[in-house]
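A.B. asks: curious how this folds, go ahead:
(one chain, ligands or ions: 1)
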Amino acid sequence: MAGWDACTGRGKQHAGPSIGAFAFGLAQLYFALFVVLPALRKRGAPAPAKTWEGAEGLEWEVASPAPFHTFGAWAFASAWIDAILSPMRTLPLPLGGRMPVLGLGTWRMGEERGRRRAEVAAVRAAIEMGWRLIDTAEMYGEGGAEEVVGQAIAEALRTGDVTREELFVVSKVYPHNASRKGTPAARARSLARLGLDHVDLYLLHWRGEHALAETCEAMRALADGGRIRHWGVSNFDTEDMEELAAVCGEPLDCAANQVYYSVGERGPEFSLLPWQRSRAMPLMAYSPIDQGALASDAALKKMAQRLGVTAAQLALAWVIAQPGVVAIPKAVSETHLRDNLAAADLQLSVEDLAEIDRLHPPPRRRKPLAMI
Ligand SMILES: NC(=O)c1ccc[n+]([C@@H]2O[C@H](COP(=O)([O-])OP(=O)(O)OC[C@H]3O[C@@H](n4cnc5c(N)ncnc54)[C@H](OP(=O)(O)O)[C@@H]3O)[C@@H](O)[C@H]2O)c1
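C.D. replies: This next block holds a predicted model:
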């Protein structure tokens, strides 16, 4: 208490720093880090690009806390502030906002009542561990997975483990629902199951019978109304993306394309990934562990052992080492959840990446997009 006296000028003087001064210093540091810097970033951040001509590579470097890059001092400071404020690396989205590079998949959840409690506990544990992006869809368990996610989020919000703003929730509309009227109706059902007033990203699950122009119009209307933050697509190959851009018009506000991409399925690298990078549009890699198969890939296991990690971690670290790529592994096992989250901190060297190229070579020619 003597320190507080010194701080107010009452009582005896102290030679060393008082508890009050220390607390004041801490408060100042907190204020600078969590109030002033984020506010400055908001004001000073580059305006969302209206067109992405020449954007190739630029935005991705902003997301990386590498010390030197073309975006200059602003991006350097921004990336490091990011690293301090949020433990998970994030990627910028074409129209502003950011997406974590690692998210939790939920396919196969919500399919059986008997597994519901364990699945909610798994998603709940994931949030507690630090997972912030959750990927789901109306298709998964016919809404069951969205209910699992909704229940886990509700509990996490109630206990104060996380705020809604810290989460990035992705859901998807069935193609047969993706009409002008069907899209908002499906979105409303998803929101009810999730117990949320908006999703951060809403994707067309794959191309179906409805014209892209209708889906695009419906998605834009939802985004304008604030019930979805961003919209995007899934299972779109390069020609589909080009058609989307032509139909929706430029600048294309599609925020992401979610496709099958992993060490074992590198097809998107040939033309789709470069196309998306040229527009600073993240590619969300689904089945990044090849549905669990890469965890027992003999060659990967050998390399992983040498690096002191697991083959699944190596496979995930490789996916998110690709500029502009987000990985969304699914897991319910607590060990898997922890291992996968830790993969976000693995730094692969140029030699490691070259070794993976030898084990699982990049594509030499174009082939149709693989789907699961
Ligand atoms: N847009 C689309 O069309 C589409 C298609 C497919 C998937 N997706 C999305 O992408 C997500 C991920 O894809 P996915 O579920 O197909 O496959 P995945 O994430 O590649 O693999 C999931 C499987 O791997 C196991 N696993 C997870 N971490 C592991 C680890 N560290 N070591 C060993 N095994 C591990 C899981 O087991 P446990 O569950 O027992 O832990 C599960 O059986 C889906 O859940 C879904 O959200 C989207």
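A.B. asks: when you work out contacts or count neighbours from here on, use the C-alpha atoms and nothing else.
C.D. replies: Noted.
A.B. asks: now the helix or strand that contains S190: buried residues?
C.D. replies: Per DSSP states H and E, S190 falls inside helix 182-194. Neighbour-count burial for helix 182-194, counted by 16 or more other Cα atoms under 10 Å, picks out G182, T183, P184, A186, R187, A188, S190, L191, R193, L194.
A.B. asks: can you map out the helices along the stretch 251-372 of the chain?
C.D. replies: 272-278, 298-307, 311-321, 334-342, 350-359 (DSSP state H, counting those that start in this stretch).
A.B. asks: rewinding a little: for the helix holding S190, packing partners?
C.D. replies: helix 144-158, strand 168-173, helix 212-224 (3 or more Cα pairs under 8 Å, 6 or more residues apart in numbering; DSSP states H and E).
A.B. asks: partners of the second one, with directions?
C.D. replies: What it means is strand 168-173. Pairing partners of strand 168-173, with direction, according to DSSP bridges: strand 133-135 (parallel), strand 199-204 (parallel).
A.B. asks: out of the ones you listed, which gets nearest to the ligand?
C.D. replies: Nearest of those to the ligand, taken as Cα to the nearest ligand atom: strand 133-135 at 4.8 Å.
A.B. asks: around the ligand, which positions in the stretch 251-372 of the chain sit nearby?
C.D. replies: 258, 286-292, 295, 312, 328-333, 336, 339-340, 372 (Cα under 6 Å from any ligand atom).
A.B. asks: just the mean pLDDT for the helix holding S190, thanks.
C.D. replies: What helix 182-194 shows for mean pLDDT is 98.
A.B. asks: mean neighbour count added to the helices of the stretch 251-372 of the chain, as JSON lines?
C.D. replies: Compiled in JSON lines, the helices of the stretch 251-372 of the chain are given as follows (neighbours: other Cα atoms under 10 Å):
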{"stretch": "helix 272-278", "mean neighbour count": "20"}
{"stretch": "helix 298-307", "mean neighbour count": "16"}
{"stretch": "helix 311-321", "mean neighbour count": "25"}
{"stretch": "helix 334-342", "mean neighbour count": "17"}
{"stretch": "helix 350-359", "mean neighbour count": "13"}
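A.B. asks: who wins for proximity to E166 among these?
C.D. replies: When those are compared by Cα to Cα, helix 334-342 sits nearest E166, at 16.3 Å.
A.B. asks: who touches that closest one?
C.D. replies: Residues outside helix 334-342 that contact it (Cα atoms under 8 Å, 6 or more residues apart in numbering) are L102, A122, A125, A126, M129, G130, W131, A312, Q313, L316, P329, A331.
A.B. asks: can you check stretch 283-299 too?
C.D. replies: 105, 256-264, 273, 276, 300-301, 310-312, 315-316, 319, 324-330, 359.
A.B. asks: what of stretch 181-191?
C.D. replies: Contacts for stretch 181-191 (Cα under 8 Å, 6+ apart): 138, 143, 146, 171, 173, 177, 197-199, 215, 218-219, 222.
A.B. asks: quick check, central residue of this protein?
C.D. replies: In the chain, the C-alpha nearest the mean C-alpha coordinate belongs to P100, at 3.2 Å (Cα atoms, centre = their mean).
A.B. asks: mind giving me the domain split of the protein?
C.D. replies: The chain breaks down into these domains under automatic domain parsing: 20-43+54-85, 89-359.
A.B. asks: pLDDT score for A6?
C.D. replies: 30.
A.B. asks: so how far is Q291 from the closest residue to I372 other than its chain neighbours?
C.D. replies: Nearest non-adjacent residue to I372, counting by Cα to Cα, 6 or more residues apart in numbering: Y260, 7.1 Å away. Distance, Y260 to Q291, using Cα to Cα, to the nearest Å: 10 Å.
A.B. asks: contact partners for A154?
C.D. replies: Neighbours of A154 in contact, by Cα under 8 Å, 6+ apart: G195.
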